[in-house]
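[1] Fold the stuff below for me.
(one chain, ligands or ions: 1)
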Amino acid sequence: MPATPTPTPRILIYLLRHDLRLADNPIFHDLSRISRSSAYKTTASLDPPSPPICHSPSPPKPPTSARHQKAYEASGPALAEKLGVTHLLPLYVFPANQIEVSGFISEDDSGTSKAKSPYPEARSEVGGFWRTGPHRAKFIAESVWDLKGKLERLGCESSVVTRVGLMGDIVDNIVSWYSQQRQGEVNGKVVGIWMTGEEGTEEAREERDVRRVAEDEGIDFRIWKDEKYYVDDAHPFLGGERAAHQRLTHLASSGAMTAYKSTRNGMLGLDFSTKLSAYLAYGCLTARQVHWAMVDFEAGTGADGFGVAGYGRGENEGTAAIRFELLWRDYMRLCARKFKRSLFDIDGFRGAEGAESSNAADDNNSPQPPKRWKYVDRSSGLGDDPAKTREALLRFLSGTTGIGLIDASQRELFLTGYTSNRARQNVASFLASHLGIDWRLGAEWYESMLIDYDMANNWGNWQYVAGVGNDPRQGRVFNPVKQALDYDAQGEYVKAWVRELRDVDLGEEEKGHVEVEKLMGLFQAWRLDSVEKERLGLTGVESVEHPLIRIPFSVTKSRGSDGGSSRSRGRGGSYRGRSKGQGARRLGDMDRAARVGGTY
Ligand SMILES: Cc1cc2nc3c(=O)[nH]c(=O)nc-3n(C[C@H](O)[C@H](O)[C@H](O)COP(=O)(O)OP(=O)(O)OC[C@H]3O[C@@H](n4cnc5c(N)ncnc54)[C@H](O)[C@@H]3O)c2cc1C
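    As a prediction, the model looks like this:
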């Protein structure tokens, strides 16, 4: 008897991007609906061709609320069903323009030496840093492998297929492979290429390239809206959806969610802030899921947090503040959408056409002259020497500026891939305002180093602090000494990361009494007396003897007696510090530098 011809697999390619999760995922949700239908079952038993492709996964967890479930059910048959999809190929492309991929390339055809990567090195434009540094590379890999594992456990044979390169090329290549004939039959028919939409110019280019391949081949191309935004070993957290939910559970059950408002300006420790940013950035979790977890906590219906302060008592200061921060995230995304390429321009949104109209809240609506910056490859014409700028930049990046808070944050970032929002604001302000160096170098360095790098959040926040973005109050500067006094009142953060200063004597530290004058030496080590420097082996150390700048901040008996904006603390007295973050506005509590002096 002639063998029954095997039906040609109808393949849907799902290009994973910043949506590395199974639950609350619009594409997996659509597929979960087809997997229950009879149309799917009749074809699901097909042997998958090589490269292995995935049978549509079993239904993932239902959406986070009954309201969403109803909305999905009302939305008619699954789109994948309409396309007659029988197989799914989840594909993650490590983008060669953002992640250096030469390490993935093993050997050339002769098998003797390493083949050269066909792509230019994935370095940043201005400073030439690796665009994805080791911390984020690890986090991305963990998130991809976490999803792979999940799909495997659901019986998806290929789980997630990974490739390196440019999305358009990879998709083109896979589509051609499927259309090849073997014994008179094609390997498969790609009927759909789907992905979730992203903001950003590179991301738009990826979408355009993939769309072109799909259109050339007559394949259904669809960009789904990923509703991961809210309106719609320091960082010891593993990547992936499971870890993201464990973190959310911990935030509710430990009380950190309730306490967030009063702790969020902290700098040291795990629970002063949510540490959800990387999960949100990579879509392992959505802002909506965070919201619903908080709703459950507030309503007292959630499994996590029973007995914890605030459980079942409605919205509290902590949950409201988390929602507020999530709105900043949405806001930055909308800025990226509006200002496009000028997100990366040195003159920022302010320099962009139409920026004036977006700044209606300006105290002074008159157009401001563009800021002058120091560059590493040329003089700005203000008598600066690019060689000295390069030297200063290197010290800034390596955390040897001589300003304790800045050095602590930069070292923390380099070693862990994370630093707090409070520290980020100070670091950005230090580069842009105190050093006057091209702020994009700082943004690029963050892009390289941060685990939670997010294009809109990073560049938007850098612009904001550098004074070229949408901050309605321009010309504000953080004073990193005063900020350290306010937010690191016991000097613990600086001591944690700046090893050479760990033994600076602060007074009766164990009792929580630190002497303010001694703290000043921790926050700017040039102020340590010569005996202390000698004792600690700091004599002659460049960052101590020759800081990039000296900030003449002092703690005086009466406000303003040093001519700056210092606070009255009582000279020489002991200082317990106010509670961290008290009364502070998140992005707004910047102060004019107290007579920033010195040059480099
Ligand atoms: C110069 C600079 C660069 C930054 N770069 C990034 C970045 O690349 N990626 C990133 O996610 N955040 C960035 N931020 C914002 C903020 O610092 C981080 O989101 C936050 O520190 C992450 O820690 P968390 O999750 O514990 O935050 P939480 O304080 O717990 O806040 C909860 C969530 O709200 C959002 N959020 C908080 N603050 C902001 C903010 N200022 N702008 C936008 N969203 C915010 C984040 O998604 C965060 O996870 C940057 C801030 C500055 C000043």
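[2] can you give me the helices in the stretch 251-400 of the chain?
    Taking DSSP state H, counting those that start in this stretch as the test, the helices found in the stretch 251-400 of the chain are 256-263, 277-281, 287-299, 317-339, 348-351, 355-358, 386-398.
[3] Would you mind giving these as CSV with mean pLDDT added?
    As requested, the helices of the stretch 251-400 of the chain are arranged in CSV below (pLDDT from 0 to 100):
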stretch, mean pLDDT
helix 256-263, 96
helix 277-281, 97
helix 287-299, 97
helix 317-339, 96
helix 348-351, 84
helix 355-358, 48
helix 386-398, 97
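[4] Outline the domain layout of this structure.
    10-224, 241-339, 345-600 (automatic domain parsing).
[5] picking that back up, and the helices of the stretch 251-400 of the chain: which comes nearest Q98?
    helix 277-281 (13.0 Å; Cβ to Cβ). Heads up, the C-betas are built off the backbone N, CA and C, glycines and all.
[6] The closest one and the ligand in contact?
    Yes: against the ligand, helix 277-281 shows contacts by Cβ under 6 Å from any ligand atom at S277, L280, A281.
[7] quick one: which of those residues is nearest the ligand?
    S277 (3.4 Å; Cβ to the nearest ligand atom).
[8] Please determine how far that closest one is located from W328.
    S277 is 11 Å from W328, where distance means Cβ to Cβ, to the nearest Å.
[9] So for those two, which sits in the more crowded spot?
    Neighbours per residue, other Cβ atoms under 10 Å: of S277 and W328, the larger number sits with S277, 20 against 17.
[10] nearest spatial neighbour of the more buried one, skipping sequence neighbours?
    Spatial nearest neighbour of S277, excluding adjacent residues (Cβ to Cβ, 6 or more residues apart in numbering): D452 at 3.6 Å.
[11] A293 too?
    Leaving out its chain neighbours, the residue that sits closest to A293 by Cβ to Cβ, 6+ apart is L248, at 5.0 Å.
[12] Number of residues surrounding the one you found?
    22.
[13] quick one: it and T286 touch, right?
    No: judged on Cβ atoms under 8 Å, L248 makes no contact with T286 at a distance of 10.9 Å.
[14] Same question for the closest residue to T401 other than its chain neighbours, what's its three-state structure.
    In space, and not counting its chain neighbours, T401 is closest to L548: 4.5 Å by Cβ to Cβ, 6+ apart. Secondary structure, DSSP: H, G, I helix; E, B strand; the rest coil: L548 is coil.
[15] in the protein, which spans are strands?
    Using DSSP state E, the strands assigned to the chain run over residues 10-16, 54-55, 87-95, 161-165, 181-182, 185-186, 189-196, 220-224, 507-508, 513-515, 574-575.
[16] neighbouring strands for the third one, and are they parallel or not?
    The pairing partners recorded for strand 87-95 under DSSP bridges are strand 10-16 (parallel), strand 54-55 (antiparallel), strand 161-165 (parallel).
[17] Can you lay out those as a markdown table showing mean pLDDT?
    Formatted as a markdown table, those follow (pLDDT from 0 to 100):
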| stretch | mean pLDDT |
| --- | --- |
| strand 10-16 | 94 |
| strand 54-55 | 44 |
| strand 161-165 | 93 |
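[18] closest one to the ligand among those strands?
    Ranked by Cβ to the nearest ligand atom, the member of the strands paired with strand 87-95 that lies closest to the ligand is strand 10-16, at 19.1 Å.
[19] For burial, what's the neighbour tally of G537?
    10.
[20] for it, what are its contacts?
    Going by Cβ atoms under 8 Å, 6 or more residues apart in numbering, G537 touches E500.
[21] circling back to that earlier point, ok, the residue nearest to T401 touching F396?
    Yes: counting by Cβ under 8 Å, L548 touches F396, with 7.2 Å between them.
[22] Next, show the common contact partners of the two.
    In contact with both L548 and F396: L435, using Cβ under 8 Å, 6+ apart.
[23] Looking at these two, which is more packed in?
    Ranked by neighbour count (other Cβ under 10 Å), L548 and F396 place F396 first, with 25 against 21.
[24] so what's the closest residue to that one other than its chain neighbours up against?
    Leaving aside its chain neighbours, F396 sits nearest to L431 (5.9 Å; criterion: Cβ to Cβ, 6+ apart). Shown in contact with L431 (Cβ under 8 Å, 6+ apart): F396, I437, W439, L441, G442, A466.
[25] Just to be sure, which of these are found in helices?
    With DSSP state H as the criterion, helices contain F396, W439, L441, G442, A466 from among the contacts of L431.
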